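*Asks:* Fold the following and give me the result.
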Amino acid sequence: MGFRLQLVARPGVTTLIRYVGSRLLQAIPLLIGVVTLIFVLLHLAPGDPTSLWFHPDIPPEVMERMRESMGLDLPLHQQYLHWLKSFFTGDFGYSYSHFRPVSAVIGDALPATLLLGGAALLVAFGVGSAVGAWQAVRRGSPTDSFLTVVTLFLYSMPGFWLGLMLILAASTWLAWLGLPVSGMTSVDHASLGPLGRVSDLAGHLVLPTIALGLGSAAGVARFMRGEMLEAIGQDYVRTARAKGLPEGVVIRRHALRNALLPMVSLLGLYLPILFGGAVVIEVVFSWPGMGRTMYDAVLARDYPLVMATSFLFGLLVIAGNLLADLLYAFVDPRVRYD
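*Replies:* Here you go, the predicted model:
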């Protein structure tokens, strides 16, 4: 006597799987385009990685053998097809500057970038949403006017300049705070206890997070202010007030909840900005993430590492946008997966 196991998926789950699959298929040409563009830009620059190791005492035949070992003697289209095949099979190659597999280099740098990007995302949307909602509730007041000027100033400020000003302030006027201005951990990090390590890491995270997240927080605040003002003017808010509900309840339960819905879609817009800004901020603060790794790889003409970091940055942005779309459909039942 036997039995047959049958898996029945709910229609909602099936639709979700189909939607995610279609989005992933659409992402493949985009990722190929990113890799192709970076490949072309790298090879348009004069020279190659061996030019950085040139020395008059090195015989030309030795330099040629080095180029052959890196595959740089092949025609350009063959190099491109070889790298494209390697990328989509998970083989990122060998780093010329770190002298170890690219996957190992990225494995060390990726957690630092995700930590910094996640912290900056919390600052951008946490602080930005709160400030924008506060402005909308106090529309036309001196506080609203002051915060409008501040957010506009921060939104137009370059991230690297803000980072340099934060380093200057933390090294002079605010030196009593003891905030680290570079690196991810202290020299004695390994000798600290568990709480000491967390505290050390958090201290090093403060300034880069502010520099990366504050400009985005200003943009989020301006967007949130507009959404809150629109929500406050809706009929359901006027109805809630007519019922005699306290103003705080009207704002929190009716206006704020509906104003937060569009913020989910804004998440997908700001992810590329944060990851792109992380390259500059990591260089300014010597943060050992993918941005700093990519910057050093460009200077060293480390082709495999530059290609791999660019590919993963594009992958993270695409994954972030997909996650934002899924979250928006989750919080708003009116949205369908089509």
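
*Asks:* just how off-centre is the helix or strand L162 falls within within its chain?
*Replies:* Using DSSP states H and E, L162 sits in helix 159-171. Mean C-alpha position of helix 159-171 versus that of the full chain (Cα atoms, centre = their mean, to the nearest Å) differs by 20 Å.

*Asks:* for the helix or strand following that helix, packing partners?
*Replies:* Sequence order places helix 194-232 as the next helix or strand after helix 159-171, per DSSP H and E. On a contact count with 3 or more Cβ pairs under 8 Å, 6 or more residues apart in numbering; DSSP states H and E, helix 194-232 meets helix 102-137, helix 142-156, helix 159-171, helix 257-284. Backbone N, C-alpha and C define where each C-beta goes, glycine included.

*Asks:* closest one to Y295 among those helices?
*Replies:* Of all the helices and strands packed on helix 194-232, helix 257-284 sits nearest to Y295, with 5.1 Å by Cβ to Cβ.

*Asks:* Can you give me the buried ones in that closest one?
*Replies:* Neighbour-count burial for helix 257-284, counted by 16 or more other Cβ atoms under 10 Å, picks out 258-260, 262-264, 266-268, 270-275, 277-284.

*Asks:* now the stretch 1-150 of the chain, which segments are flagged as low pLDDT?
*Replies:* For the stretch 1-150 of the chain, applying pLDDT under 70 flags the ranges 1-13, 47, 51-58.

*Asks:* now do 90
*Replies:* Scanning the stretch 1-150 of the chain for pLDDT under 90 picks out 1-103, 107, 110, 113-114, 117-118, 121, 133, 136-141, 143-144.

*Asks:* just to revisit the earlier point, list the buried residues in the helix holding L162.
*Replies:* Using 16+ other Cβ under 10 Å as the test for burial, helix 159-171 gives 159, 162-163, 166-167, 170.

*Asks:* List just the nearest of those to L315.
*Replies:* Among the buried residues of helix 159-171, and counting by Cβ to Cβ, the member closest to L315 is G159, at 22.5 Å.

*Asks:* ok, now which ones touch the closest one?
*Replies:* 211-212, 215, 277, 280-281 (Cβ atoms under 8 Å, 6 or more residues apart in numbering).

*Asks:* Enumerate every residue touching F125.
*Replies:* Taking Cβ under 8 Å, 6+ apart as the contact definition, F125 lies against 217, 220, 263, 267, 270.

*Asks:* Got the domain ranges for this protein?
*Replies:* Following automatic domain parsing, one gets these domains for the chain: 35-91, 109-331.

*Asks:* what's the most distant pair in the contacts of G159?
*Replies:* Maximum distance among the contacts of G159 (Cβ to Cβ): 11.2 Å, for G215 and V280.

*Asks:* Where does the prediction get shaky in the stretch 151-300 of the chain?
*Replies:* Applying pLDDT under 90 to the stretch 151-300 of the chain picks out residues 152, 154-160, 170-203, 214-216, 219, 223, 226-280, 286, 289-291, 294-300.

*Asks:* So which bits of stretch 34-49 are buried?
*Replies:* For stretch 34-49, a neighbour-count test (16+ other Cβ under 10 Å) marks 34-35, 38-39, 42, 48-49 as buried.

*Asks:* Do I have it right that R241 meets V249?
*Replies:* No - here R241 lies out of contact with V249, judged by Cβ atoms under 8 Å, at a distance of 9.9 Å.

*Asks:* roughly how far apart are the residue positioned nearest the centre of the chain and G314?
*Replies:* What sits nearest the mean C-alpha location of the chain, by Cα atoms, centre = their mean, is F275, with 2.8 Å. Distance, F275 to G314, by Cβ to Cβ, to the nearest Å: 9 Å.

*Asks:* The nearest residue to S182 once chain neighbours are set aside: what secondary structure?
*Replies:* Distance criterion Cβ to Cβ, 6 or more residues apart in numbering; nearest residue to S182, sequence neighbours excluded, is S286 at 4.2 Å. Judged by DSSP: H, G, I helix; E, B strand; the rest coil, the three-state class of S286 is coil.

*Asks:* got a list of what Y303 touches?
*Replies:* Counted by Cβ under 8 Å, 6+ apart, Y303 has contacts 42, 49, 96.

*Asks:* right, and out of those residues, which lies closest to V150?
*Replies:* The nearest member of the contacts of Y303 to V150, counting by Cβ to Cβ, is L42 at 40.7 Å.

*Asks:* element containing that closest one?
*Replies:* Assigned by DSSP H and E, L42 belongs to helix 11-44.

*Asks:* just checking, what packs against that helix?
*Replies:* Helix 11-44 packs on helix 76-87, helix 303-331, going by 3+ Cβ pairs under 8 Å, 6+ apart.

*Asks:* buried residues in the next helix or strand after it?
*Replies:* Moving toward the C-terminus from helix 11-44, the next helix or strand (DSSP H and E) is helix 60-69. Neighbour-count burial for helix 60-69, counted by 16+ other Cβ under 10 Å, picks out 66-67.
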